[in-house]
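S.K.: Give me a 3D structure for the following:
(one chain, ligands or ions: 4)
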Amino acid sequence: MRVRLSPSFTIFAFAISLFATIRTDAAVANEPEKIAGPNACAECHKQETEAWKGSHHFKTFREMPRNPEANKIAQRIGVRRIRVESLCLNCHYTVQKKDDQDEPIAGVSCESCHGSGKEWIKLHSSYSGKTAQTETSAEKAQRWKLAEAKGMIRIHAIYQLAKNCYGCHVVPNEALVNKGSHQAGSPFELVSWSQGEVLHNTWYSKGKANVPANAARKRMLFLVGLGVELEMSLRAVAKATTRKAYAFLMAQRVDRARKQLAVAAKNAPNVPEIAKMVELAHSAGLKLNNERLLAIAADGVSKLIVSMTDKYDGSSMAGLDSMIPGPEKFKGTPRKPAAIN
Ligand code: HEC
Ligand code: HEC
Ligand code: HEC
Ligand code: HEC
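M.R.: Ligands and ions are numbered 1, 2, ... in the order given. Down below sits the predicted model:
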């Protein structure tokens, strides 16, 4: 069933789509001209690279285009070559600029999550020109600050990390879902999806252990994850234009997230931001042609997530523990570190 549009709505929609292009809700902001590529990271990060090689993120590079379903999706949506069209590349691949050409070089890789690295790769590992022992703490702080200013997404930046995950895993693309019958996102949850096959916390343990997030960090991952789920699915509904699967499924995601957040608000009453997120999520109707209000709600949720990550470290949120998925729910198994030469 098609929704008929009046001429005035068409103009309105056009104005909004111009506006939408300058918003920052796109799936992952990798910049091909700034991609160093996973081989460059592997020179130092051997263990982390091995973990990555055991994940679906690595394998999608080869396996997705061979999947018969991939070709059906591509056909339905008019994509002729999966490895060339940016639509699929955005979420399944890492693209690097080589001789003025955009070339897919890997699946979802280091820089898909940690930010395009060319401008910070040397900087972050330089110990300010000294050694780990002789660099002063002021120099170290300055080094990390500069690396972040150049686009590095570090491990304390949970909101930015999560935004990247959800930017791909919500699949906020109406045509891809409605015309292509691509799945309308993953049943994603940040703790269970980051602590299994994706886990690669082997660097600071010098390769001795793949260290899981501790209880406090898990609470922050869980809460920020729910917040970002809400933000991204609000933005996804905002962009819906037809009364079809995409609109319904994205509205369902919003509803599920706000229900879970309502429970979290009760369990952690000392974190008033949670209830405020729920309130915001109810402030805009989950319907078509409501982009402005839905975007305002999403922006508000975003501000609340930022203020939570500034204010809390999770230590005072034990009330959330009963909601947080345990290891039996983790997606895949973390790689056990093993000596690599
Ligand atoms: C020349 C060696 C080297 C290369 C190449 C390298 N790194 Fe690192 N990386 C380091 C060192 C050293 C540290 C730890 C610095 C410290 O302890 O202050 C580090 C730390 C990190 C961290 C942890 C940051 C945090 O928040 O503590 C991340 C994430 C990371 N690197 C990602 C990458 C990525 C992605 C690439 C490729 C684009 C890369 N690194 C390439 C040496 C390197
Ligand atoms: C907005 C991000 C996004 C875009 C764009 C996208 N995908 Fe996906 N796709 C995903 C995610 C995330 C999954 C994994 C879902 C899961 O496992 O929960 C996936 C899964 C798949 C799968 C099933 C698993 C597999 O890889 O074997 C196929 C097939 C697929 N995508 C094909 C495509 C094709 C073809 C295109 C381009 C026309 C495309 N995708 C564009 C995010 C995206
Ligand atoms: C799917 C997103 C994703 C990909 C791909 C990814 N990382 Fe990470 N990385 C993360 C997250 C999230 C954390 C923090 C995990 C946590 O909280 O437990 C992290 C942590 C790290 C750390 C800190 C390890 C420690 O000992 O604490 C390093 C170093 C790192 N990543 C480097 C890399 C390198 C190198 C690659 C590519 C080979 C890579 N990452 C690929 C998301 C990713
Ligand atoms: C650039 C887009 C992108 C980003 C960023 C991303 N993913 Fe993925 N992820 C995918 C795609 C595409 C697949 C499906 C790969 C396949 O099976 O072909 C996937 C698969 C996975 C899987 C395997 C799912 C399964 O079916 O077993 C896990 C777990 C996962 N992602 C976790 C994460 C986490 C955690 C983050 C953030 C720290 C993240 N992803 C960031 C695109 C992305």
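S.K.: Let me see the contact set for the closest residue to ligand 1 within the stretch 151-300 of the chain.
M.R.: In the stretch 151-300 of the chain, the residue found nearest to ligand 1 is Arg154; the distance is 3.2 Å by CB to the nearest ligand atom. Backbone N, C-alpha and C define where each C-beta goes, glycine included. Residues near Arg154 by CB atoms under 8 Å, 6 or more residues apart in numbering: 114, 144, 147-148.
S.K.: Most neighbours out of these, which is it?
M.R.: Using other CB atoms under 10 Å as the neighbour criterion, Ala147 leads the contacts of Arg154 with 22 neighbours.
S.K.: What's the separation between it and Met277?
M.R.: Distance from Ala147 to Met277, counting by CB to CB, to the nearest Å: 30 Å.
S.K.: same deal with Asn164?
M.R.: 20 Å.
S.K.: Kindly report the same for Met317.
M.R.: Computed as CB to CB, the Met317 to Met277 distance reads 14 Å.
S.K.: And those two? Which one has more around it.
M.R.: Comparing Met317 with Met277 by other CB under 10 Å, the one with more neighbours is Met277, at 27 against 24.
S.K.: Over to that one. Which of the three states is it?
M.R.: Counting by DSSP: H, G, I helix; E, B strand; the rest coil, the backbone at Met277 sits in helix.
S.K.: Now do the SS call for Ile105.
M.R.: Three-state assignment for Ile105 (three-state DSSP): strand.
S.K.: From the structure, what's the count of residues near it?
M.R.: 17.
S.K.: excluding its backbone neighbours, what's nearest it?
M.R.: Gln96 (4.8 Å; CB to CB, 6 or more residues apart in numbering).
S.K.: List the contacts of the one you found.
M.R.: Taking CB under 8 Å, 6+ apart, one finds 32, 35, 37, 102-105 in contact with Gln96.
S.K.: taking the residues you listed as a set, which two sit the farthest apart in space?
M.R.: The largest separation in those, counting by CB to CB, is between Gly37 and Asp102 at 13.1 Å.
S.K.: Tell me which of the two has more neighbours.
M.R.: Gly37 (19 against 16).
S.K.: what's the distance between the more buried one and ligand 2?
M.R.: 21 Å (CB to the nearest ligand atom, to the nearest Å).
S.K.: Hmm, that residue is touching Thr94, no?
M.R.: Yes: using CB atoms under 8 Å, Gly37 makes contact with Thr94 at a distance of 7.2 Å.
S.K.: Distance-wise, check the residue nearest to Val198 when sequence neighbours are not counted relative to ligand 1.
M.R.: Sequence neighbours aside, Ser55 is the residue nearest to Val198 in space, at 5.9 Å (criterion: CB to CB, 6+ apart). Separation of Ser55 from ligand 1 (CB to the nearest ligand atom): 15 Å.
S.K.: before we move on, what about Ala51?
M.R.: Separation of Ala51 from ligand 1 (CB to the nearest ligand atom) stands at 13 Å.
S.K.: Which residues are in contact with that residue?
M.R.: Going by CB under 8 Å, 6+ apart, the list of residues near Ala51 reads 197-200, 202, 210, 334-335.
S.K.: how about 6 Å then?
M.R.: 200, 335 (CB atoms under 6 Å, 6 or more residues apart in numbering).
S.K.: so what pLDDT did it get?
M.R.: According to the prediction, Ala51 has pLDDT 97.
S.K.: Then it would be within a helix, right?
M.R.: Yes: under three-state DSSP, Ala51 falls within a helix.
S.K.: quick one: common contacting residues for Gly37 and Thr94?
M.R.: With CB under 6 Å, 6+ apart as the test, Gly37 and Thr94 both reach Ile105.
S.K.: what does this structure have sitting close to ligand 3?
M.R.: 38, 41, 45, 48-49, 52, 57, 108-110, 112-114, 155, 161, 194, 198, 200-205, 213, 217 (CB under 6 Å from any ligand atom).
S.K.: For the helix or strand containing Asp102, name the packing helices and strands.
M.R.: Using DSSP states H and E, Asp102 maps to strand 101-106. Secondary-structure packing of strand 101-106 (3 or more CB pairs under 6 Å, 6 or more residues apart in numbering; DSSP states H and E): strand 94-98.
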